[in-house]
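fold the following.
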Amino acid sequence: MAAACAPLAGDLRSQLLASVDALLFDCDGVLWRGESAIPGAAQLVNRLQECGKLVFFLTNNSTKSRELYVEKLQRLGFRAHCQQIYATAPCAALYLRREIQLCGSVYVIGGAALRGELQAQGIVCSGPGPEVTPGTLQVWATEPLDLTVAAVLVGFDEQFTYLKLCRASRYLRDPACFFLATNTDTLLPLEGGGIPGTGCLVKSVEAASKRTAYVIGKPNDFMFKCIVNEHGIDPSRTVMIGDRLDTDILMGSNCGLRTILTLTGVSTLEEVKAHQESDSPERHKLVPTYYVNSVADLLPGLE
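Take a look at the predicted model:
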């Protein structure tokens, strides 16, 4: 059985905060819900920074630029700047430019923000938008491809079409063409039960191409590696705070971090218990070190 997930309160809360220099926060479901801040979340984040702690904001959402995230954070009362934002769009650009040193352009399934972050780092891309092309299936199967394309990147795309799927799979027939995805979240937790997320689009391209995408976002460790490289933080003195076991908490486990589940978002203690009682070591990685009802519960630990 996995180790117990302890409630974070009292002296344990103070000890934990004293033992960390950096805190990684997921955003939606942790700091806000929709357009409303979680009560006390802004006070916590601001107080942490006043105490000299490093605070970073991590999100799998590829539909907003870092500037838009800063604007939202500040509008909701959080102190934030672009260097604290680690989203899948800018991190995908970093991966293409630094990790694989891409020579060529990128075929993008995604929106304007994803394309903008790529272009801001000098990466040529094509694909975002309606891509309405008349013709038959035979025309789409044989149309000339852009010979400069050296990678396919899949993010959230409200205008995803069969034509985009065809083009992506044709590019990926070349084994030298890199295949990346911003994230594999299968659900966008909106009011009314949510809608299909980026992971559903990724799965369709994987099925069509018979290839597996390299995932930039949580639960992979690439965003954390970016933070370590740029800010020199110590994993042993860092904590990950999130509301989803399969992304936030699993990323923390994959990176050797202590983790805190907040119950203001997606995952529940019942799910934690099910993973604890499982015989699978992989499911044990989904068990957080601690839990709180809300991130605001951490505020007394700074007094």
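
send the alpha carbons of stretch 8-20 over as PDB?
C-alpha atoms of stretch 8-20 as PDB (Å, rounded to 0.1, in the frame of the first residue of the first chain):
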ATOM      1  CA  LEU A   8      -1.600  19.500   6.100                       C
ATOM      2  CA  ALA A   9      -2.400  21.400   9.300                       C
ATOM      3  CA  GLY A  10      -0.900  22.700  12.500                       C
ATOM      4  CA  ASP A  11       2.800  22.300  13.100                       C
ATOM      5  CA  LEU A  12       3.200  20.100  10.000                       C
ATOM      6  CA  ARG A  13       2.000  23.000   7.800                       C
ATOM      7  CA  SER A  14       4.500  25.400   9.300                       C
ATOM      8  CA  GLN A  15       7.300  22.800   9.100                       C
ATOM      9  CA  LEU A  16       6.500  22.100   5.400                       C
ATOM     10  CA  LEU A  17       6.500  25.800   4.400                       C
ATOM     11  CA  ALA A  18       9.800  26.400   6.300                       C
ATOM     12  CA  SER A  19      11.400  23.500   4.500                       C
ATOM     13  CA  VAL A  20      10.700  24.800   0.900                       C
END
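
list the buried residues for that stretch?
For stretch 8-20, the neighbour count (16 or more other Cβ atoms under 10 Å) marks 8, 13, 16-17, 20 as buried. All C-beta spots, glycine's among them, are computed from the backbone N, C-alpha and C.

cool, stretch 22-33 as well?
For stretch 22-33, burial by neighbour count (16+ other Cβ under 10 Å) applies to 22-32.

want to throw those into JSON lines with distance to Asp246?
Shown next, in JSON lines, are those (distance: Cβ to Cβ, whole Å):
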{"residue": "Ala22", "distance to Asp246": "23"}
{"residue": "Leu23", "distance to Asp246": "21"}
{"residue": "Leu24", "distance to Asp246": "16"}
{"residue": "Phe25", "distance to Asp246": "17"}
{"residue": "Asp26", "distance to Asp246": "12"}
{"residue": "Cys27", "distance to Asp246": "16"}
{"residue": "Asp28", "distance to Asp246": "15"}
{"residue": "Gly29", "distance to Asp246": "13"}
{"residue": "Val30", "distance to Asp246": "15"}
{"residue": "Leu31", "distance to Asp246": "19"}
{"residue": "Trp32", "distance to Asp246": "20"}
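
quick one: which of those residues sit in strands?
22-26, 32 (DSSP state E).

between the residues you listed, which is closest to Lys164?
The nearest member of these to Lys164, counting by Cβ to Cβ, is Asp26 at 28.7 Å.

give the contact list for the closest one.
58-59, 218, 241-244, 247-248, 265 (Cβ atoms under 8 Å, 6 or more residues apart in numbering).

what's across from it in the sheet?
Under DSSP bridges, the beta-bridge partners of Asp26 are Leu58.

ok, it to Leu269 distance?
Asp26 is 17 Å from Leu269, where distance means Cβ to Cβ, to the nearest Å.

what does Gly116 give?
From Gly116 to Leu269 the distance is 39 Å (Cβ to Cβ).

of the two, which one has the most company?
A direct count of neighbours by other Cβ atoms under 10 Å for Gly116 and Leu269 places Gly116 higher, at 17 against 14.

pretty sure the more buried one sits in a helix.
Yes. Under DSSP: H, G, I helix; E, B strand; the rest coil, Gly116 falls within a helix.

how close does the closest residue to it other than its chain neighbours get to Leu54?
In space, and not counting its chain neighbours, Gly116 is closest to Ser65: 5.9 Å by Cβ to Cβ, 6 or more residues apart in numbering. Distance of Ser65 to Leu54, computed by Cβ to Cβ: 22 Å.

okay, now the domains of the protein?
In the domain annotation for the chain, the residue ranges read 6-60+219-302, 103-215 (automatic domain parsing).

nearest approach to Cys91 belongs to which of those domains?
Of the domains of the chain, nearest to Cys91 by Cβ to Cβ is domain 6-60+219-302, at 5.2 Å.

show me what contacts Ala93?
Contacts here follow Cβ under 8 Å, 6+ apart; on that basis Ala93 touches 117-118, 120-121, 123.
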